[in-house]
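Asker: no sequence on this one, just coordinates:
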């Protein structure tokens, strides 16, 4: 697996919560199991204690995205370095499914939360160092606060998804049309 792909772990974890809407998809071990399955990891050793630990990691990862999106790269890096120190990675060289040798970040940590945090932090660190902190974003479509990694060629991404982009563009169009009708 390409190491930058592990940044999706961070994005998926942060996006389990939508603060503006008051929703949280990380409330139980079953929620963690779904999160693990979504990134292709077996949900093995998930315990009740993983829920609050992953929620705490989620808050710190959201701070990395928010700080980066608001131009506070040093703060984003400091938070990310704290996560990397607390949850070190354990890389392994592997070959499977007819693919050439490549690196996987192993999940031999003590629990699901620690393993997930280590992989998410490392993936985000790879993206931040290769693309730059300005490529970590928070969706500009209100009230969405989902995060994303902008891997576009022209650094133009502003929304977490096509759905939010369309919704925001339609809102701007309708506001313009309403303003013209009022004139």
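Answerer: Right, received. Where do you want to start? Quick caveat, the model's predicted, so the values are computed rather than measured.

Asker: contacts and neighbour counts: CA atoms only from here.
Answerer: Will do.

Asker: Which parts of this structure are helices?
Answerer: 7-14, 29-38, 50-69, 73-86, 112-131, 162-182 (DSSP state H).

Asker: could I get these as a markdown table with mean neighbour count and distance to residue 103?
Answerer: Listed next are the helices of the chain as a markdown table, based on neighbours: other Cα atoms under 10 Å; distance: least, Cα to Cα, whole Å:
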| stretch | mean neighbour count | distance to residue 103 |
| --- | --- | --- |
| helix 7-14 | 22 | 15 |
| helix 29-38 | 18 | 19 |
| helix 50-69 | 20 | 23 |
| helix 73-86 | 17 | 18 |
| helix 112-131 | 23 | 12 |
| helix 162-182 | 12 | 31 |
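
Asker: could you redo these as a markdown table and give each row mean pLDDT and distance to residue 99?
Answerer: Listed next are those as a markdown table, based on pLDDT from 0 to 100; distance: least, Cα to Cα, whole Å:
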| stretch | mean pLDDT | distance to residue 99 |
| --- | --- | --- |
| helix 7-14 | 96 | 21 |
| helix 29-38 | 94 | 21 |
| helix 50-69 | 97 | 31 |
| helix 73-86 | 97 | 28 |
| helix 112-131 | 93 | 20 |
| helix 162-182 | 88 | 32 |
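
Asker: For residue 154, find the nearest of these.
Answerer: helix 112-131 (11.6 Å; Cα to Cα).

Asker: And stretch 60-70, how far out from the chain middle?
Answerer: 10 Å (Cα atoms, centre = their mean, to the nearest Å).

Asker: again with stretch 26-44
Answerer: 15 Å.

Asker: likewise stretch 126-138?
Answerer: With Cα atoms, centre = their mean as the basis, the mean position of stretch 126-138 lies at 11 Å from the chain mean.

Asker: thinking again about what came up before, mind checking the helices of the chain for the one nearest to residue 150?
Answerer: So among these, helix 112-131 is nearest, using Cα to Cα, at 8.4 Å.

Asker: Please verify my assumption that residue 114 contacts residue 87.
Answerer: Yes. With contact defined as Cα atoms under 8 Å, residue 114 counts as touching residue 87 (6.2 Å).

Asker: Common neighbours of those two, please.
Answerer: Counting by Cα atoms under 8 Å, 6 or more residues apart in numbering, residue 114 and residue 87 have no contacts in common.

Asker: Distance to residue 22 added to the helices of the chain, as TSV?
Answerer: Supplementary listing: the helices of the chain in TSV, determined by distance: least, Cα to Cα, whole Å:
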stretch	distance to residue 22
helix 7-14	14
helix 29-38	16
helix 50-69	14
helix 73-86	24
helix 112-131	23
helix 162-182	18
